[in-house]
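let me see the structure of the following:
(one chain, ligands or ions: 3)
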Amino acid sequence: MSERAGRLGGLLESVKGPRDLKELGAEELPRLAAEIRDLLVSATARTGGHLGPNLGVVELTIALHRVFDSPRDRILWDTGHQAYVHKMLTGRADRFGTLRQEGGLSGYPSQAESEHDVIENSHASTALSYADGLAKAYKLRGESDRTVVAVIGDGALTGGMAWEALNNIAAHRDLPLIIVVNDNGRSYSPTIGGLANHLASLRTNQRYEDVLEFVKDNLNKVPVVGAPVYDALHGMKKGIKDVLAPQAMFEDLGLKYIGLVDGHDTQAVEAALRKARGFRRPVIVHVLTKKGFGYSPAENHGEDCFHSPGAFDPLTGEEKPKPHGWTNVFSQEMVRLGAERQDIVAITAAMLGPTGLIPFSEAYPDRLYDVGIAEQHALTSAAGLAMGGLHPVVAVYATFLNRAFDQLLMDVALHRLPVTVVLDRAGVTGDDGASHNGMWDLSILQVVPGLAVAVPRDEPRLRELLAEAVAVDDGPTVVRYPKGPVGPEIEAVGKLGEMDVLRTGEPDVLVVSVGPMAEMCLEAAALLDAQGISATVVDPRWVKPLDEALVAAARVHKLVVVVEDNGRVGGVGDAVARMLRDADVDVPVRTYGIPQRFLDHAKRAKILADIGLTAQDIAREITEAVARRSPVLENHPAR
Ligand SMILES: Cc1ncc(C[n+]2csc(CCOP(=O)(O)OP(=O)(O)O)c2C)c(N)n1
Ligand SMILES: CC(=O)[C@@H](O)[C@H](O)COP(=O)(O)O
Ligand SMILES: [Mg+2]
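Numbering: from 1, shown residues only. Ligands and ions are numbered 1, 2, ... in the order given. Got it, this is the predicted structure:
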């Protein structure tokens, strides 16, 4: 893995930390910004990553680290996907070739990488709450000279937690806390909702644009004096904006407001930040930026301004074609189901493209709701839609369901409502690190009464199980599948109750394979043959509630093995073990899954290998267990 993503520009190479940055002259900053953009494009072209968001915060980040004194002052990044420039300016530019690679730089802030990094969680709308807590702590510890700065995007600002934090921050007028609203008008797609409309009105207040155009047209005609005067006015444009585009919403909250500031004018941003710092109280600095700024393939990328492209050609911006994935299957099936069932509606939490709902939204524009980055609202709004006689399908990434657990439990399941939750990126995702692995859902969903969970093993089963899920009208259903390409189709060779039998054998080992683990489990079973151990492999399809036929099958086997792409604690394996215990079936049960710890970023396949979720590892473990008939297998990492 080459540490460098190509040769660093001279200025960027000279910046080993914020102190060096502060020593640069203002006239050097445009070149520094250009060198940063070059590195952003060259690095993400090779590794993939959040190019669009980071291109939009180059000048903002330069200004932040020139005005504030990190790490004494704390600079927090909401979601953290836009912290690449922050990493470059805090001494990691020379490692940017390792971005999102195993052992290399994380795609998000990482305390292990730098004292300048704070929030690692990659989950949106949390930075203001951290800032609230940090500022209160510094005040209580007598460290009020430390300024806390939180950078939050317009998308993250649509998350409810951000408003809970604003409500609290506004109540403490003596906290030296600066909220930088990085307003580029987009999450992936244009940000939605009343807040977004208000921000848009601030951005594009026509009176402001008309005045500026008039000034530009008339002043530039005046020889010698005209142009400099226009430049001065242009430099003051935030002042004009203040007058013409009131910012009542924020000020009504009791927060001071500075804006609108041109986020690509480093000096204007520095001036605004210095002014904000001087207030020594909560202040909002509303900065206008452009996602993808300075790289036309990103600026002109219609769907999401290169929010998180895979590897691409830096000259053309052309991405490498992505293989046919689970998301594509869901996307197609939703359009088909939408034609069959007029009551089916879909909800996305600001991830229309990533969850595959664009075709559904184009086919049925009135039946798609984008609620912003608001998963809790998504679930309870779905409850309302269901109470109103519809069948909502809520599509979210598995890891983001966590924050909407109570809404699923108490707003949907308690009322036994026909809501289907589709969890994309379930299981190990890899590149985005610990906070993105979908390793929690099969555990937390076990405790929801009346909720059914389906885990398809391949494309036909995803189509079948999604259709079965939306046909359930007396309670919630969940369908979950991983990131990336769909594996080979695996036909059943028989049935065991409602479960698919994928392989029959002598009653040595009963392997319960959860969803996409089927391919690997069949390979393991073939390896076991060579050891004279015969394995039957079954795919439950619905893992909650479990099929009672498992009990009778387990009773006649020497060992039951459960393999799942979920955390082991409280997952399907534990549910099978509990079911057999309750039925007094005294057969040893071995559960294999993701070890219950936060996993560092790496490719999905590499992580699965590292944690022992491979055919060779599972076959070896089973061989040893059968040989020893030992009830305890301590050494397997997946245990
Ligand atoms: C709770 C949660 N839901 C969804 C996401 C996926 N996500 C990552 S970045 C992003 C858009 C963020 O938009 P914004 O805050 O405006 O930042 P920008 O990318 O525009 O800089 C989304 C939806 C997430 N990280 N966290
Ligand atoms: C930051 C964020 O939450 C997403 O942008 C995340 O990077 C998802 O990536 P994939 O869509 O590539 O899984
Ligand atoms: Mg945005």
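
use CA for all of it now, contacts and neighbours both
OK.

now do the helix or strand that residue 330 is a member of, average pLDDT.
Applying DSSP states H and E as the criterion places residue 330 in helix 326-340. Here helix 326-340 scores 98 as its mean pLDDT.

do that helix and ligand 2 meet?
No. Helix 326-340 lies apart from ligand 2 when judged by C-alpha under 6 Å from any ligand atom; the minimum separation is 10.2 Å.

one more: stretch 287-300?
No. Judged by C-alpha under 6 Å from any ligand atom, stretch 287-300 stays clear of ligand 2, getting no closer than 13.5 Å.

and the contacts of that stretch?
Residues from elsewhere that reach stretch 287-300 (C-alpha atoms under 8 Å, 6 or more residues apart in numbering): 37, 51-57, 180-186, 203, 259-264, 269, 305-306, 316-317.

torsion angles phi and psi at the residue of the chain found nearest ligand 3?
When distances are taken as C-alpha to the ion, the chain reaches nearest to ligand 3 at residue 186, 4.0 Å away. Main-chain dihedrals, residue 186, degrees, to the nearest 10: phi -140, psi 150.

ok so, going back, from the contacts of stretch 287-300, which would you call buried?
37, 51-57, 180-186, 203, 259-264, 269, 305-306, 317 (16 or more other C-alpha atoms under 10 Å).

so of those, which ones are in helices?
Among those, DSSP state H puts 37, 51-55, 203, 269 in helices.

min pLDDT across these, which one?
Among these, residue 203 has the lowest pLDDT, at 68.

before we move on, the earlier item: for the residue of the chain closest to ligand 3, give me its contacts.
154-155, 291, 304.

report the two of these separated the most.
Within the contacts of residue 186, two members stand farthest from each other by C-alpha to C-alpha: 154 and 304, at 14.2 Å.

looking at those two, which is more packed in?
Neighbour count, other C-alpha atoms under 10 Å: between residue 154 and residue 304, residue 154 has more, with 26 against 23.

so the residue of the stretch 1-150 of the chain found nearest ligand 2 versus residue 100, what's the distance?
Closest to ligand 2 within the stretch 1-150 of the chain is residue 81: 5.2 Å, counting by C-alpha to the nearest ligand atom. Distance, residue 81 to residue 100, by C-alpha to C-alpha, to the nearest Å: 11 Å.

need the residues touching each of these two.
Taking C-alpha under 8 Å, 6+ apart as the contact rule, the neighbours common to residue 81 and residue 100 are residue 107.

C-terminal to the helix or strand of the chain with the lowest mean pLDDT, what's the next element?
Ranked by mean pLDDT, DSSP states H and E, the weakest helix or strand in the chain is helix 237-244, scoring a mean of 47. Using DSSP H and E, the next helix or strand after helix 237-244 towards the C-terminus is helix 248-252.

can I get the CA coordinates of that following helix in PDB?
Extracted in PDB, the C-alpha atoms of helix 248-252 (Å, rounded to 0.1, in the frame of the first residue of the first chain):
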ATOM      1  CA  ALA A 248     -34.900  34.900  12.000                       C
ATOM      2  CA  MET A 249     -35.100  31.100  12.500                       C
ATOM      3  CA  PHE A 250     -31.700  30.800  14.200                       C
ATOM      4  CA  GLU A 251     -31.900  34.100  16.000                       C
ATOM      5  CA  ASP A 252     -35.400  33.200  17.300                       C
END
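
list the buried residues in it.
Quick answer for helix 248-252 (16+ other C-alpha under 10 Å): residue 250.

so which of the contacts of stretch 287-300 also contact ligand 1?
Contacts with ligand 1 within the contacts of stretch 287-300, counted by C-alpha under 6 Å from any ligand atom: 53, 184, 186.

distance of the last one from ligand 2?
This means residue 186. Using C-alpha to the nearest ligand atom, to the nearest Å, residue 186 is found at 12 Å from ligand 2.

pLDDT at that residue, what is it?
Looking at residue 186, its pLDDT stands at 92.

and if you look at residue 626?
89.

what residues does the stretch 151-300 of the chain put near ligand 1?
So the stretch 151-300 of the chain meets ligand 1 at 152-156, 184, 186-188 (C-alpha under 6 Å from any ligand atom).

and the nearest residue to residue 531 once chain neighbours are set aside, what pLDDT?
Leaving aside its sequence neighbours, residue 531 sits nearest to residue 623 (C-alpha to C-alpha, 6 or more residues apart in numbering; 7.3 Å). For residue 623, the pLDDT comes out at 95.

next: residue 227.
The model's pLDDT for residue 227 equals 53.

what do you get for the one 5 residues further on?
The model reports residue 232 with a pLDDT of 53.

for the protein, what's the longest strand?
In the chain, ranked by residue count with DSSP state E as the criterion, the top strand is strand 559-567.

centre of the chain to the helix or strand just after that strand, how far?
The C-terminal neighbour of strand 559-567 among helices and strands, as given by DSSP H and E, is helix 572-582. Relative to the chain's own centre, helix 572-582 is displaced by 32 Å; criterion: C-alpha atoms, centre = their mean, to the nearest Å.
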